Each structure stands twice: as structure tokens, then as C-alpha cells.
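Engineer: Task: produce atomic coordinates for the following.
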Amino acid sequence: MLTTTRTTHDRMANAIRVLAMDAVEQAKSGHPGLPMGAADIATVLFTRFLKFDPSDTHWPDRDRFVLSAGHGSMLLYALLYLTGTPGMTIEQLQRFRQLGSATPGHPENFITVGVETTTGPLGQGLANAVGMAIAERHLAAVFGREIVDHHTYVLASDGDLMEGISQEAIALAGHLRLNKLVVLFDDNGITIDGKLSLSDSVDQIKRFEAAGWTAVRIDGHDPEAIASAIEQAKVSVRPSLIACRTTIGYGAPGKAGTEKCHGSPLGPDEVMAARERLGWGHPAFHVPGDVLEQWRVAGSRGRQAREAWTERLGKLAPQLRAEFERRMRGELPIERLTAVVREVKQKLTAMPQAIATRAASENALAALVPALPELIGGSADLTGSNNTRPKGMAVLSAADYAGRFIHYGIREHGMAAAMNGMALHGGVIPYSGTFLVFSDYCRPSIRLAALMGARVIHVMTHDSIGLGEDGPTHQPIEHLAELRAMQNILVFRTCDGVETIECWELALCSREKPSVLALTRQNLPQLRQGLDPENRCTNGAYEIAAAPDGNVAVSIFATGSEVSIAIDAQTLLAGRGISARVVSVPCFELFFASPAEYRRVLIGDAPVKIGIEAAVRQGWDTIIGTDGAFVGMSTFGASAPYKDLYRHFGITAEAVVEAAEAKLHNK
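Structural biologist: Sure thing, here's the model as predicted:
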């Protein structure tokens, strides 16, 4: 712990304040209020408690610092510069919010070294931190506290705590007793609209206590009060909230304590007045040498801890050390994975199964989970429906962090955000389950996973009207199109057990993209009968049933449960003397990314192209063309047994034949 006098502390904290207001002023855009108000909190945390080493920002046992209030990004950028993080220069601060800089408007972990997670959408950082804390507790249970023993600190705002995701996150953290999680609440009572009292009157202390946290309120401008609260949090047996009462825009005489400094530059006159109030007689972006040196000393104090940790790691048994390092690098045991996939496919070849793809996924997990110890599963209270917990998989709980299955409760959004945090922490690959229709509830977190390139896997079952009697509220119609419209994500919809294990393999190997596995409730025939040594889903689409002759009149493209309908239609068309072929398209994204020649040949030049999917047409025209026929949904669903629904909405082999004949007749 670095001991400082009050004068030294004030000068170090003021360095954050002036850098923040200077950068925002130069950019003519940004949020100076939070960095100025929270500077004392950050100074105490970074100089006295946070275990980090700027020379190695990926050190596995570092403490994680999450700025959940991402609009206050200049607080983090100032800290990274002051502590000596490589790449964060004064020039970068001067280019705040400019194209190509390392200082974007909100912290982006894929742009800026030292940023743990992308934040900005309020509440997400807090929920990510819960996932980081879960990963820390789990890895400590597996590898020992000599190797894994760190805290996750969060700086959160009023806005973070008002977003609904925060309740899901804090409830889960309290239930799991994540005592290495500390939330520093910038309790300034101001939002963009004005006083917090305009819209909120929640007692956050009581709220967190009710969720199983320890919670205190302190003066957020008193360094010793801050330090004492953090010290108590570090020995707590529960997660901790420290509500730090602060003044937004601290030091700005005309705007401090008001919404006027929340999301706008202070203006040159107010900046000058703030400099005078803070006793900072230096030009813009200038930090005096002695203050910068004190910050650099604070930044270097973690090097000894890192070196001691490296020494301890070196003393681990070679096999255990290799396993830890492999998992932290995010590398899969490829030989084991390949063997497991081959074994599952061999079993399916020997004993074909007509089962739902959600059950096929469970069978895949039964083989994958023992082979890949980094897999951490879970479900949003639908475990028995989405089949995400294979037999024998122990539950991760406050009593046993070594378990590998998390009961997230009915918290889809918090679950998805926690998974992002787990993936960003490293050492684990999280997957979880819910219904596809509830991708609506966690889409913001899925989008952030795609933005960050986080390897998380969402098993989303009950993927169409095929779920049947639960009706239109539970039947996804537009959801596949919505997810496919997202950048940097893989959406898999599998037609049988063979495709399911192949797509699990592809999802696991996708290190820089999240994946969604859309799976059925209803049983499907096994269409892949022979043993394919290669993964036929690799290119996203392949011909699953060739035409009986070379004169192809109709090409039928389908996904998931509709592939079997396509094959039935192929048979009916053959009976009418019409030659057709069937292409399975388990992953649009992989198909569109495949070589142009592969796409051209696979789409082919048949005069009629038909797409079949129990969903809306959006996205299909890239494959079938605007003049292609589409057999699918154009309305919401209904409540009935699934076979009745497919007939009612005209998603049948007979409907495909009718569409094909109509198109051929008009040629």
C-alpha cells in the first residue's frame, strides 16, 4: 500500500480532474462530471489497493477494475496514462473521442490497452464484473489461491443501478456470495435530466443488503474513509457496496453538483475557474513532474506482486501449470475435442436417433464437458427444457465454486452479461440456455459480446412454432433474422444430431465471436447417416441431398427442422418428374464468409430456388434471390400441437411442391 499525505493525495486526484476536463474541452464532447467527482475514489483505489502492473496488463492474477459508468471514460484514460500503461500517452488524451485514437467516447476493451470490458450501456459493466468474480472464484477452487486470488472492483453510477440488469446482477452475486467483488458507487445524486430525485427514491444501501451484500455509505471525498471502507470490503464474506457520496464536477465552481457538468464540456471560463479553485496553475494537459512521478510509483508497485506470482506459478506441478496457462491463453485441447466429436458422430452413425436437437445438444455436452474442463454451463431456470446440464455436472454455488453449472435463475439479461465477464476474465468458456424467443431479454449483452469478440455460447431452444402449445408469446418468428443481422456473431440452426455436434465444435473453435445454437423442442429424423470424417458445417451450408440426375430444376435451401421437410419435398417432386436438390444451411454467417466460388457452386443455377424456414424471410434473399420462393412465417404463431401449426401456416412438403410448380410454370 502506498502511503500518501492529504496534500499529495489531493494533487494526484486533481491530476485526474484537470486531464478529464481538458480532454472533454478539447473534444467539445464528453462527460467531465464523473471523473472530477470520482477522482478521490479512483486515487485511493489505484494507489493503495488495486493489484495491477501496467507493464503486463494481461497478468492473470491482476485485480480487475471495471468502469461500469463508461460515459466517464476520461477517468479511466487518465488513470492509464498516469500509471504508465503502454500506449496511453498525453497525445492520446489530447485526441479524446477522435477517429483512430485509443481514447474513444466509451471504454472499448478491443481498442485500449488496460480496459477490461467495453462499457457504456449502463449496468453492463456491473453485470460483467459479476461474471469476472465468478470466474475468479471458480479458477481459485480449481487451481488454488496461490495462483488465483484477486478482486474485481467496479465504479458504478446512479444510472448503472437504475437499469434493470443491475438487479439481476446484484441478486446473483449476493446469492453466490462473491466476496471478492467490490462495487464503488459514485453516489452523486445527479443524472442528465437533473437531480436523481426526479425519477428515483430507492435506498441503495437497503437494496444491496436485501440482496445479500454488505453495504455502507461514506464521504467519497475523504481518502481515509474510502480506504477504510475498501479494507473492510476486502475481508467481507459477502460482496460489498461502498456508496461514496460525491459532488459531480468537483472543483468546478459554477457547475459542480449540477447536471450541467454531466454530459457537456465545462466551457473555457469554467475550466479556468476550476483550475483556480483546485490550485492547479498549469497549462492544459500538463501534469507536474513530481505528481506524475508519484503516479508512476503507484503504477510500479504491483510489479513485485506479479513477479512473486510468476515464481509461485513456476513451482506448480508441470501438468497443472500447463493446464492453467493453456486455459488462460484460451487455447482448446484440439486433439481431445476432435476425438470427442468423432466419437459422437460414430455413435450416431451406428445408432441413428430421431430426437430433438436440444436433446442432441445435451448428448454432445455429455461428451464435451468431461473433455473440456473450461466449459462452464448454466441456464436461466429452464435447465430441464434446454438440456444444458448433462448428467454428473456439479453445480457451481457458494458452497462449491469448483462446480461447473450455474443456476442463473430467471435472469436472462444478467446471465448473458455475466457470461461476457467470464469470457473476458479468461480461463473459462461459458455457455448457457434459455428459449430463443427470450433472446429479446438478453440481446444488449449478446450485442456487446459480438462487439468485444467474446467467446460465449448461447443455447437457445424452442426455436420456432415447433414448440407448439405455449403459443405466440413463446414462438420466435423474427428472432433468427434479428440475430443474423448482428455483426460478428454465429447463429447455428441444426437439422439433426450430427449437425448439432459439428456446430458445437465450430462454436467452441470460434475464439473471437459469440455463438447462438437455435435448437428444437420437437423430435427430428437423423438425416446424416454415413460417417463424415470432416465437419460439413464448416462452410455454413452444404448439399445434404443431391438431385437424382444432373438436370436440376429446383434447389431447396433449409435450416433446422425444415431440412427434413425439404427432403420430403424432394421426394414428392421426384414423383412428379421434377429433379430437385436440398442444401442445408446451418449457419448463414459462415456461408457468407466462405469463398465466393464455393458459394456460387452451392447456390447453383437451377431455375427455381426455394428457401424454407419457420421464421420470417429477411436475410434469405441473398441465397434464393428476390425472385426465389420462400416457405415460412409472415405472422405471429398460434397455440396448438406443433404438427397442426406447421399445416396451418403452410410449412409442409406439399407447400414446397406447390411453390416449385408455380415457379416452374411461370418460367
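
Engineer: And what about residue 630, helix, strand or coil?
Structural biologist: Put simply, residue 630 is strand when judged by DSSP: H, G, I helix; E, B strand; the rest coil.

Engineer: for it, what are its contacts?
Structural biologist: Contacts here follow Cβ atoms under 8 Å, 6 or more residues apart in numbering; on that basis residue 630 touches 610, 611, 612, 613, 617, 620, 624. C-beta coordinates here come from the backbone N, C-alpha and C atoms, glycine included.

Engineer: Could you identify the buried members of these?
Structural biologist: Among those, those scoring as buried are 610, 611, 612, 613, 617, 620, 624 (criterion: 16 or more other Cβ atoms under 10 Å).

Engineer: and the closest residue to the first one other than its chain neighbours, how many neighbours?
Structural biologist: Yep, that's residue 610 we're talking about. Of all residues not flanking residue 610 in the chain, residue 629 sits nearest, at 4.5 Å (Cβ to Cβ, 6 or more residues apart in numbering). Using other Cβ atoms under 10 Å, residue 629 has 20 other residues around it.

Engineer: Check residue 233 too.
Structural biologist: Using other Cβ under 10 Å, residue 233 has 26 other residues around it.

Engineer: likewise residue 338?
Structural biologist: Using other Cβ under 10 Å as the criterion, the residues surrounding residue 338 number 13.

Engineer: from what I can see, it looks like it's in a strand, true?
Structural biologist: No. Under the criterion used here (three-state DSSP), residue 338 is helix, not part of a strand.

Engineer: if I look at it, how far off is residue 455?
Structural biologist: 18 Å (Cβ to Cβ, to the nearest Å).

Engineer: again, but for residue 470
Structural biologist: Applying Cβ to Cβ to residue 470 and residue 455 gives a distance of 31 Å.

Engineer: Looking at stretch 354-370 now, give me its mean pLDDT.
Structural biologist: Per-residue pLDDT over stretch 354-370 has a mean of 98.

Engineer: ugh, wrong one, I meant stretch 388-404
Structural biologist: Stretch 388-404 comes out at a mean pLDDT of 98.

Engineer: so how far is it from its chain's centroid?
Structural biologist: 21 Å (Cα atoms, centre = their mean, to the nearest Å).

Engineer: Report the separation between the two terminal residues of it.
Structural biologist: End-to-end distance for stretch 388-404, by Cα to Cα, to the nearest Å: 11 Å.

Engineer: For it, give me every contacting residue.
Structural biologist: Contacts of stretch 388-404 (Cβ under 8 Å, 6+ apart): 134, 137-138, 140-142, 175-177, 361-362, 365-366, 369, 373, 375-379, 383, 405-407, 431-433, 459.

Engineer: cool, and stretch 354-370?
Structural biologist: By Cβ under 8 Å, 6+ apart, stretch 354-370 touches 337, 340, 343-344, 353, 375, 377, 385-388, 390-391, 393, 404, 459, 461-462, 494-497, 499-501, 504, 508, 517, 519-526, 560-561.

Engineer: In helices, which of these fall?
Structural biologist: When the contacts of stretch 354-370 are checked against helices (DSSP state H), the matches are 337, 340, 343, 344, 385, 386, 497, 499, 500, 501, 504, 508.

Engineer: one step back: ok, of the contacts of stretch 354-370, which come out buried?
Structural biologist: Buried subset of these (neighbour count, 16+ other Cβ under 10 Å): 337, 340, 344, 353, 375, 377, 385-388, 390, 393, 404, 459, 461-462, 494-497, 499-501, 504, 508, 517, 519-522, 524, 526, 560-561.

Engineer: quick one on the thing from earlier: I figured the residue nearest to residue 610 was touching residue 612, is that so?
Structural biologist: No. The pair formed by residue 629 and residue 612 falls short of the contact definition of Cβ atoms under 8 Å, at 9.3 Å.

Engineer: how about the biggest helix by length in the chain: buried residues?
Structural biologist: In the chain, taking DSSP H as the definition, the longest helix is helix 6-27. Across helix 6-27, burial judged by 16+ other Cβ under 10 Å covers 8-27.

Engineer: same thing with stretch 293-308?
Structural biologist: Across stretch 293-308, burial judged by 16+ other Cβ under 10 Å covers 294, 295, 298, 299, 301, 302, 305, 306.

Engineer: what's the helix or strand for the residue nearest to residue 63 when sequence neighbours are not counted?
Structural biologist: Excluding the flanking residues, the one nearest residue 63 by Cβ to Cβ, 6+ apart is residue 51, at 4.4 Å. For residue 51, there is no helix or strand it lies in under DSSP states H and E.

Engineer: What count of nearby residues applies to residue 51?
Structural biologist: 17.

Engineer: Return the backbone torsion pair for it.
Structural biologist: With angles defined as degrees, to the nearest 10, residue 51 sits at phi -90, psi 100.
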